[in-house]
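**Q** Give the three-dimensional model of this entry:
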Amino acid sequence: MSDQKEFRLSELPALARRHYLTGLFCLVICLFLEIWFLHYPPRGVVGENVIITGSVIGSPLVDFDSLWARVTNDDELMLQIIDRAEICRQKNRVEKLNFLNRTIRQNLKFQPENETLVKISFKRPGYNDIRPFLNCFTDALIDKLTNMGQESFEIRREKALVQYSRAIERLRFIAHFFDMPSIAALLENSPEAPVDTSRMLEKVRSDKVTDGIGRALLGELLPGYSTAQIYYEPYFNDKMKLLELFPRSPVVITARDMPPTPVQPFYELIFVLVPMAVFLIYASLLIILGRKNDAALQ
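**A** Reported below is the predicted structural model:
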């Protein structure tokens, strides 16, 4: 049988007074870990920017996947963004390229929320470097999106105008050929002042257009005119309320000073768990030191 004395918890205060340097060391370790995890949470922190890529009533103007690949793989552009954000402390070009490959590209991602809403995320060990780089990168991406989106929008706008103008000219021809002055008057200022199909039908009924062939041809052309007008409206009507939800130009809807958030869920628990863990280690060390003292006395 072992003649080793059973340890009692009541002995801890005496052991703590005897080995006060151990307690001081554990306290310093605890404070260090608390401050470290305050600035560098486990699994790092992530900053996010949500952007609207620009659309026509929800229809994307630019293929965002292709644009992302083009921008993130452009070494010169990415180095310019890194210099602007002052995120890299290395001055050598080779070291900056290594930093770009190992740190930036691996932690910079995007996630489509829907057809025109995209979330850009950037992950880092600490808080300091995230927002400056993310804002500079988003600005560069928005600039590219604006240029490409404007070109795409102008092409679609021209196509819509041509289709609508063609539909108007057909109606004008019918109105003049079959002597429908009221219809011709309605179309006089088109396409600058679009005319609803319902107004045109009211004019036909109110003016009692009796020419059967003219009415028949007008009825055949009106569906095409209505379709062309629907397609034309989103490109030229700047008062549509839908533009508040689906703006034509790219927009960042995240605040530029939005703080990054820890990746680890329930991150705050670590500030409770660390003191508990350090205290358990401290108590274990006291027990071990107490055993050694007893063995030395024997």
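**Q** Tell me how many other residues surround the closest residue to P181 other than its chain neighbours.
**A** Sequence neighbours aside, A175 is the residue nearest to P181 in space, at 7.6 Å (criterion: C-beta to C-beta, 6 or more residues apart in numbering). (C-beta placed from N, C-alpha, C; glycine too.) Counted with other C-beta atoms under 10 Å, the neighbours of A175 add up to 22.
**Q** For A175, give its distance to G58.
**A** 35 Å (C-beta to C-beta, to the nearest Å).
**Q** just A185 next, same as before
**A** In terms of C-beta to C-beta, A185 sits 36 Å off from G58.
**Q** and what of P41?
**A** 37 Å.
**Q** Which one's more surrounded, those two?
**A** Taking neighbours as other C-beta under 10 Å, P41 and G58 compare with P41 leading, 20 against 12.
**Q** on that earlier part again, and the residue nearest to P181, what is it in contact with?
**A** 181, 183-184, 187, 218 (C-beta atoms under 8 Å, 6 or more residues apart in numbering).
**Q** And the strands in the stretch 101-250 of the chain, which stretches?
**A** 108-112, 117-124 (DSSP state E, counting those that start in this stretch).
**Q** Are there helices or strands packed against the helix or strand hosting S284, and which ones?
**A** In the assignment (DSSP states H and E), S284 maps to helix 270-297. In terms of contacts (3 or more C-beta pairs under 8 Å, 6 or more residues apart in numbering; DSSP states H and E), helix 270-297 is packed against helix 12-18, helix 20-39.
**Q** can you pull the buried residues of that helix?
**A** Buried positions in helix 270-297, judged by neighbour count with 16 or more other C-beta atoms under 10 Å: 270, 274-275, 278, 282, 285-286, 290.
**Q** just to revisit the earlier point, with respect to burial, which of the strands of the stretch 101-250 of the chain scores highest?
**A** Sort the strands of the stretch 101-250 of the chain by mean neighbour count, taking mean count of other C-beta atoms under 10 Å, and strand 117-124 sits at the top with a mean of 19.
**Q** So I87 sits against D129, correct?
**A** Yes - counting by C-beta atoms under 8 Å, D129 is a contact partner of I87 at 4.8 Å.
**Q** how about the helices and strands packed on helix 270-297 in JSON lines, adding mean pLDDT?
**A** Converted to JSON lines, the helices and strands packed on helix 270-297 look like this (pLDDT from 0 to 100):
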{"stretch": "helix 12-18", "mean pLDDT": "75"}
{"stretch": "helix 20-39", "mean pLDDT": "92"}
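**Q** out of those helices, nearest to M200?
**A** Proximity to M200 (C-beta to C-beta) singles out helix 20-39 among the helices and strands packed on helix 270-297, at 68.7 Å.
**Q** Mind giving me the packing neighbours of the closest one?
**A** helix 270-297.
**Q** Skipping its backbone neighbours, what lies nearest L145 in space?
**A** Counting by C-beta to C-beta, 6+ apart, the residue nearest L145 is P250, at 4.1 Å.
**Q** What is the neighbour count of the one you found?
**A** 26.
**Q** Next: the one 5 residues further on.
**A** A255 is flanked by 8 other residues according to other C-beta under 10 Å.
**Q** And K241, by the same measure?
**A** For K241, using other C-beta under 10 Å, the count is 6.
**Q** Give me the mean pLDDT for stretch 269-284.
**A** Confidence for stretch 269-284, expressed as mean pLDDT, is 92.
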